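S.K.: Build the 3D model from these lines:
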Amino acid sequence: MPETPAPRRQPKNWVRFVLVRAIVLLCLVLTACAPGRGLTDLPTTDPNAYRLGPSDVVRVITFGEDSLTGEFRVSDSGTIALPLLGIVKAAGLSPDQLGAKVSERLVKANLLRSPSVSVEITAYRPIFVLGEVSRPGQYAYQPGMTVVTAAAVAGGFTYRAVNDYAAIVRTQDGVAVEGKASRQSFVQPGDVITVLERRF
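M.R.: The predicted structure is shown next:
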């Protein structure tokens, strides 16, 4: 009676190959399920090219004219109310552009021949930090703030946080845009920053 051949042992390399493949597939599945993966990258912005918006407070300085100098809050409709000039649109303008607009209006109204007007921001509209931070809420914006500094102001990341990137909702030209931003990305006043939760 012929002997039955012993079952062939699978080579160790084959077992290793199967194991590596399983790990790679698992990583791909987990990556596909990563929070915020479907978001496109938020366009980068120059922190120096700031545009005014509702709730910003500006100081308008008209050289030599105390009655035309003061602090004004940008209203919900994006305007400021100036003495003698009335309503002036401010939202969407840089401080320099607003200064030039006020100068132009003063000349047009025959109030001054060649006014010297400057505008500075005294208080920015706040940012909102949500999600996996220790103290979610509303916080004062500071120039040069990044995603990671905003998270630090909100008490830091929790142990469940995705800390490589965050989701940001930003209003641009009256339209709310949502995107993904790295931890080094600059935030803008009015941004709603959501620190996402890891799924594993």
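S.K.: where are the low-confidence patches of the chain?
M.R.: 1-38, 45, 47-48, 200 (pLDDT under 70).
S.K.: which residues in it form helices?
M.R.: Applying DSSP state H to the chain gives helices spanning 12-32, 95-108, 147-153.
S.K.: The shortest one: which residues count as buried?
M.R.: This points to helix 147-153. By neighbour count on 16 or more other CB atoms under 10 Å, the buried set for helix 147-153 is 147-148, 150-151, 153. (Glycine included, C-beta is placed from N, CA and C.)
S.K.: Pretty sure residue 133 sits against residue 154.
M.R.: Yes - assessed by CB atoms under 8 Å, residue 133 is found in contact with residue 154 at 4.0 Å.
S.K.: which residues of this structure fall in strands?
M.R.: In the chain, the strands defined using DSSP state E lie at 57-62, 70-73, 79-82, 86-89, 117-123, 127-131, 137-139, 165-172, 175-182, 192-195.
S.K.: Domain map for this structure?
M.R.: Listed by automatic domain parsing, the domain ranges of the chain are 57-123, 126-195.
S.K.: Distance from the shortest one to the middle of the chain?
M.R.: Right, the one you point to is domain 57-123. Relative to the chain's own centre, domain 57-123 is displaced by 27 Å; criterion: CA atoms, centre = their mean, to the nearest Å.
S.K.: That domain spans what distance, first to last residue?
M.R.: Using CA to CA, to the nearest Å, one end of domain 57-123 lies 5 Å from the other.
S.K.: go on, stretch 160-177?
M.R.: Distance between the two ends of stretch 160-177: 26 Å, counting by CA to CA.
S.K.: Can you list the buried residues in that stretch?
M.R.: Using 16+ other CB under 10 Å as the test for burial, stretch 160-177 gives 161-163, 165-170.
S.K.: what does stretch 172-192 give?
M.R.: Buried residues in stretch 172-192, counted by 16+ other CB under 10 Å: 179-181, 183, 185-192.
S.K.: again, but for stretch 137-150
M.R.: For stretch 137-150, burial by neighbour count (16+ other CB under 10 Å) applies to 139, 141, 145-148, 150.
S.K.: Format the domains of the chain as JSON lines; extra columns: distance to residue 40.
M.R.: JSON lines is the format used below for the domains of the chain (distance: least, CB to CB, whole Å):
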{"stretch": "domain 57-123", "distance to residue 40": "23"}
{"stretch": "domain 126-195", "distance to residue 40": "5"}
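S.K.: Please name whichever of these is nearest to residue 41.
M.R.: Taking CB to CB, domain 126-195 is the member of these nearest to residue 41, at 5.5 Å.
S.K.: gap between the two ends of the closest one?
M.R.: End-to-end distance of domain 126-195 (CA to CA): 17 Å.
S.K.: Same check on stretch 121-128?
M.R.: End-to-end for stretch 121-128, by CA to CA: 19 Å.
S.K.: residues in contact with it?
M.R.: 50, 52-59, 71, 95, 137-143, 145, 150, 187-193 (CB atoms under 8 Å, 6 or more residues apart in numbering).
S.K.: Centre-most residue in the protein?
M.R.: Closest to where the C-alpha atoms of the chain average out (CA atoms, centre = their mean) is residue 187, at 3.4 Å.
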